[in-house]
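# need a 3D model of the following:
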Amino acid sequence: STYQLTKKLIDGGYTSLGFIGDYNHCRSFNERWVGFNRALIECGIQLDLSQCILDDDRLFFSSPEWADTRLSQINELPSAFVCANDYIAVTFMKSLKNMLSIPNDLVICGFDNGPESSIVEPHLTTVHIYSNQMGVKAAEMLLSRIHDPKQPYQVSHIYTKLILRESTPNIS
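Purely as a prediction, here's the structure:
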């Protein structure tokens, strides 16, 4: 889903993109990082790590001013940020608003379609995950393994849905 989101940003004319999130935090954050990078590679865009914030996850919430400090350390902000989740995106939107206008100067996207994504101004473009269906599928898989522990391991994918909102006006 992050691959598709990043491709839409590129197709919308955004050519300098940064990622915000600790891709070592969990498997889903890592998958989002991989999708982001795959889209850049396929579109011939060089990843600029100086426009990314990939610090240890614990630092993201270390102090209220941390996001401001990290953003001020970026010499040239990208035209778009893709964030590992909505909470991170909203945190950085607050800091970015002190420096520039979202979406006029920079666009930002999240992931998860958390409640904050539709409350923050401008409303955040995000990816909706079907948490209930994921829980049901996990329970089904667990019960299946309890019933037959020797069955092969399974991998299951639940589709997601891109939610386009005001934080990214030039993509469709």
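# quick one, strands of the protein?
With DSSP state E as the criterion, the chain has strands at 17-20, 80-83, 107-109, 126-128, 161-163.
# give the contact list for E31.
For E31, the contact set (Cβ atoms under 8 Å, 6 or more residues apart in numbering) comprises T2. Placement of C-beta: from N, CA and C, glycine included.
# what's the separation between it and L100?
30 Å (Cβ to Cβ, to the nearest Å).
# what ranges do the helices span in the chain?
With helices called from DSSP state H, the chain shows them at 2-11, 27-42, 66-72, 86-97, 131-147.
# now the ones you listed in JSON lines, with mean pLDDT and distance to S167?
Listed next are those as JSON lines, based on pLDDT from 0 to 100; distance: least, Cβ to Cβ, whole Å:
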{"stretch": "helix 2-11", "mean pLDDT": "94", "distance to S167": "11"}
{"stretch": "helix 27-42", "mean pLDDT": "94", "distance to S167": "16"}
{"stretch": "helix 66-72", "mean pLDDT": "90", "distance to S167": "16"}
{"stretch": "helix 86-97", "mean pLDDT": "92", "distance to S167": "7"}
{"stretch": "helix 131-147", "mean pLDDT": "80", "distance to S167": "22"}
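# got these as TSV, with distance to V107 columns?
TSV is the format used below for these (distance: least, Cβ to Cβ, whole Å):
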stretch	distance to V107
helix 2-11	7
helix 27-42	14
helix 66-72	15
helix 86-97	10
helix 131-147	26
